[in-house]
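1. sequence first, then the predicted structure:
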Amino acid sequence: MRKGYDYIVLGAGSAGCAIAYRLSQNPNVTVCVLEAGGPDRHPFIHMPAGYTKCVGPRFNWSYRTVPQKHMHNREMYIPQGRLYGGSSSINGQVYIRGAREDYDTWRDELQLEGWGYDNVLRLFKKSENNHRIADDYHGDAGPLHVSDITFTSPATKLLVEAGQQYGMPYNRDFNGARQAGIGIYQSTHFKARRWSAASAFLHPAMKQPNVDVLPHALVKRVIIENNRAVGVEFIRDGGDGREVKRLSADVEVIVSSGTFNSPKILMMSGIGPAAHLKEVGIAPKADLSGVGQNLQDHLDINVVVKCVDDPPISFNGMDRGLKKFQVGLQYIMFKNGPVASSGVESGGFIKSSEDVDRPDLQMHLLPSYVRAHGLEPMPGQWLTMHCCNLRPKSRGELRLRSNDPRDIAVLDPRTCSDPYDVKVMVAAVRHSLELFRQRAFKNYVVEERWPTPQKRSDEEIAEFVRGEAETCYHPVGTCKMGKDAMAVVDERLRVRGIDALRVADASIMPLAPSGNTNAPSIMVGEHCAEMIQRDHN
């Protein structure tokens, strides 16, 4: 381990892994990646269905919000990865980029040059190695494997049929010419193993002599001298915070620690709202009021139906008893069976109403009973429809709890503070129920359990949403890119007022993309790496 590097990347998540990989390809520079978590060695991390066993604190930060005023004062649980690969090592592996209009809005309305759809499409393709689709929308030579799932539940076929019966067009490629419709998701899988950002980018980078990766390194602050980032201070996991280690950065520091930790690191470094920093005993270096603001997330509601026991059409109960060993052996021997499934196999995109110009709801069918993040098991055969609001209007914030880097930040997403979001979620419930009522499910669904059939008025469903809805684990926006007074970084991801410092992860997204956020986060990392290479070549 050197004492100084050209580049220091803070975080080995989706974006950070991509940045490290691209920078490592220049043998004339040195790169260090600091990761608060540990290596991605556990077998559950690499089994497609293993992510359901990674919801506890061993592999993630297990964030909780403050009580949400508009959600029955509930604390919302938001798992985020804390290991090599970040959330890409514990997520549902769905490969979705978002809609063309998302990025064209960034370019046209927010005036962010270089971030329109045609610009970012090239970056998505650069990362991608698609195993099925070869056309103008996809790449086949990148390090990120994207493929069809090798095993699907019977419910997947039923949903695709039901969606078409409901009027949703079949869509073979949600990342192609159009997003609307029903179909089977492609996943970040390779040979029936999940293919995280660590698998695709970090491990190849670690084989290079110019890259070091330091696990269990909790960043205390970026060292700022004369308005320039010159290094970092960190403590080792489990330390008391008194033994602080330092590394110098000769060229740049890149903060890629995620939507919650990137703004935290900036504020710990004196970059953020000056009054708040003084409150917790931090001397301001740059008064940027937007740090920690603009927090957005996709809110998700679970509609659950009970199904016939025979024939079984879900995976419910296959992780317990003798079945657990049977499906485990099937996976080990044949790389097939329920363990080879992502558990998030099919779904689609639909409009909440005719008043919107494009789909604003995303559906994920889970072939099991899922409430409370899957932590409440229920015997029998069940199906769960996750449906989330893709373009929420509610905005929240993140604040420091103290100036101790070991303290988790205070998270307040202000979920459903905008009444429009509740209206959209009511529509999400109604669309989900209608899908389960189509002919395809007629011989399988025997009861609509959640929401209960007795409470189906708009206000009763709204109350169901306030009491049951949870995050879809897609937080973005807390170090937003832009040109307005609340922007934290410019379109080249440079922190305003500080030289040699960038932020690159989902926190820079000014608006949430219309879909799962892993692929867009990798794209941000690709974009950042190219900008760095252009600036310093």
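-> Structure received. Fair warning: this is a prediction, and the values are worked out from it, not measured in the lab. Numbers count the residues shown, from 1 in each chain.
2. same question for stretch 276-285, mean pLDDT?
-> Averaged over stretch 276-285, pLDDT sits at 98.
3. show me the contact partners of it.
-> 224, 227, 267-272, 274, 399-403, 498 (Cβ atoms under 8 Å, 6 or more residues apart in numbering). Yep, even glycine has a C-beta here, placed from its N, CA and C like the rest.
4. swap the cut-off to 6 Å and go again
-> With contacts defined as Cβ atoms under 6 Å, 6 or more residues apart in numbering, stretch 276-285 is touched by Ile224, Gly270, Ile271, Ala274, Leu400, Ser402, Asn403.
5. and which of these is nearest to Gln330?
-> Checking the contacts of stretch 276-285 against Gln330 with Cβ to Cβ, the nearest one is Leu400 at 48.0 Å.
6. circling back to that earlier point, which one of the contacts of stretch 276-285 has the most neighbours?
-> Ile271 (31 neighbours; other Cβ atoms under 10 Å).
7. nearest residue to Met381 in space, please, no chain neighbours.
-> Quick fix: residue 381 reads Gln, not Met. Cys307 (4.1 Å; Cβ to Cβ, 6 or more residues apart in numbering).
8. with Asn389 instead?
-> Val424 (4.7 Å).
9. where's that neighbour, which helix or strand?
-> helix 419-436 (DSSP states H and E).
10. buried residues in that helix?
-> 421-433, 435-436 (16 or more other Cβ atoms under 10 Å).
11. nearest to Lys3 among these?
-> Nearest member of the buried residues of helix 419-436 to Lys3, counting by Cβ to Cβ, is Asp421, at 48.8 Å.
12. what sits against the closest one?
-> Asn389, Pro392, Lys393, Ser394.
13. would you mind giving these as CSV with pLDDT added?
-> Formatted as CSV, the contacts of Asp421 follow (pLDDT from 0 to 100):
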residue, pLDDT
Asn389, 98
Pro392, 98
Lys393, 98
Ser394, 98
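14. for the residues you listed, which single residue is the most surrounded?
-> Asn389 (29 neighbours).
15. bridging residues for Glu128?
-> Glu128 has these beta-bridge partners by DSSP bridges: Leu144.
16. quick one on the thing from earlier: among the contacts of stretch 276-285, name the ones in strands.
-> If you go by DSSP state E, the contacts of stretch 276-285 have Ile224, Ile271 in strands.
17. what's the farthest-apart pair in the contacts of stretch 276-285?
-> Every pair of these checked by Cβ to Cβ; the farthest is Ile224 and Ser402, at 19.8 Å.
18. so what touches stretch 515-522?
-> By Cβ under 6 Å, 6+ apart, the surrounding residues in contact with stretch 515-522 are 14-15, 18, 88, 91, 94-98, 127, 474, 505-506, 513.
19. lowest-pLDDT helix or strand in this structure?
-> Within the chain, confidence by mean pLDDT, DSSP states H and E is lowest for helix 321-334 among all helices and strands, at a mean of 72.
20. give the next helix or strand downstream of that helix.
-> Assigned by DSSP H and E, the successor of helix 321-334 is strand 346-350.
21. keeping just the C-alphas, turn that following strand into CSV.
-> C-alpha atoms of strand 346-350 as CSV (Å, rounded to 0.1, in the frame of the first residue of the first chain):
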residue,chain,number,x,y,z
SER,A,346,-40.8,-10.2,-15.0
GLY,A,347,-42.8,-7.0,-14.9
GLY,A,348,-43.4,-4.0,-17.0
PHE,A,349,-44.0,-0.3,-17.4
ILE,A,350,-47.5,1.4,-17.5
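22. sheet-wise, list the partners of that strand with their directions.
-> Going by DSSP bridges, the partners of strand 346-350 are strand 181-184 (antiparallel), strand 361-366 (antiparallel).
23. what's the angle from that strand to helix 419-436?
-> 130 degrees (axes from the mean of the first three to the mean of the last three Cα atoms, to 10 degrees).
24. end-to-end on stretch 334-353?
-> 44 Å (Cα to Cα, to the nearest Å).
25. how far is it from where the chain is centred?
-> 16 Å (Cα atoms, centre = their mean, to the nearest Å).
26. for it, buried residues please.
-> 337-350, 352.
27. likewise for stretch 353-367?
-> Buried, per 16+ other Cβ under 10 Å, within stretch 353-367: Arg358, Pro359, Asp360, Leu361, Gln362, Met363, His364, Leu365, Leu366, Pro367.
28. over to stretch 438-452?
-> Neighbour-count burial for stretch 438-452 [16+ other Cβ under 10 Å]: Gln438, Ala440, Phe441, Tyr444, Val445, Glu448, Arg449, Trp450, Pro451.
29. what's the most distant pair in these?
-> Ala440 and Pro451 (21.5 Å).
30. these two touch, right, Phe151 and Val339?
-> No: here Phe151 lies out of contact with Val339, judged by Cβ atoms under 6 Å, at a distance of 8.2 Å.
31. okay, now the domains of this protein?
-> By the assignment in automatic domain parsing, the chain contains the domains 1-49+77-145+191-296+397-408+475-537, 150-184+299-389+416-468.
32. quick one: terminal-to-terminal distance for the shortest one?
-> This points to domain 150-184+299-389+416-468. 32 Å.
33. and that domain, how far from the chain's centre?
-> That offset, for domain 150-184+299-389+416-468, works out to 19 Å (Cα atoms, centre = their mean).
34. and the residue lying closest to Ser256 once chain neighbours are set aside, how many neighbours does it have?
-> Leaving out its chain neighbours, the residue that sits closest to Ser256 by Cβ to Cβ, 6+ apart is Gly16, at 3.4 Å. If you count neighbours by other Cβ under 10 Å, Gly16 ends up with 32.
35. let me know the secondary structure of Gly16.
-> helix (DSSP: H, G, I helix; E, B strand; the rest coil).
36. now it: how far from Cys528?
-> 9 Å (Cβ to Cβ, to the nearest Å).
37. ditto for Met385
-> With distances taken as Cβ to Cβ, Met385 is found 36 Å from Cys528.
38. who has more neighbours out of those two?
-> Of the pair Met385 and Cys528, Cys528 is the one with more neighbours under other Cβ under 10 Å, namely 28 against 23.
39. buried ones in the one helix or strand that one maps to?
-> Following DSSP H and E, one finds Cys528 within helix 518-536. The neighbour-count check on helix 518-536 (16+ other Cβ under 10 Å) flags 518-532 as buried.
40. what's the closest of the buried residues of stretch 353-367 to Ile45?
-> Using Cβ to Cβ, the buried residues of stretch 353-367 come closest to Ile45 at Leu366, 19.8 Å.
41. pick the one among the buried residues of stretch 438-452 closest to Ala409.
-> Out of these, the member with the shortest distance to Ala409 (by Cβ to Cβ) is Trp450, at 31.9 Å.
42. ok so, going back, output the strands paired with strand 346-350 in TSV; the columns should cover distance to Leu10 and mean pLDDT.
-> Converted to TSV, the strands paired with strand 346-350 look like this (distance: least, Cβ to Cβ, whole Å; pLDDT from 0 to 100):
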stretch	distance to Leu10	mean pLDDT
strand 181-184	36	98
strand 361-366	30	96
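43. burial check on the residue nearest to Glu434 when sequence neighbours are not counted, number of neighbours?
-> Spatial nearest neighbour of Glu434, excluding adjacent residues (Cβ to Cβ, 6+ apart): Tyr166 at 6.0 Å. Residues lying near Tyr166 (other Cβ under 10 Å) number 18.
44. for the remainder of this discussion, apply numbering that starts at 31.
-> All right, first residue 31 from here; so that's Tyr196.
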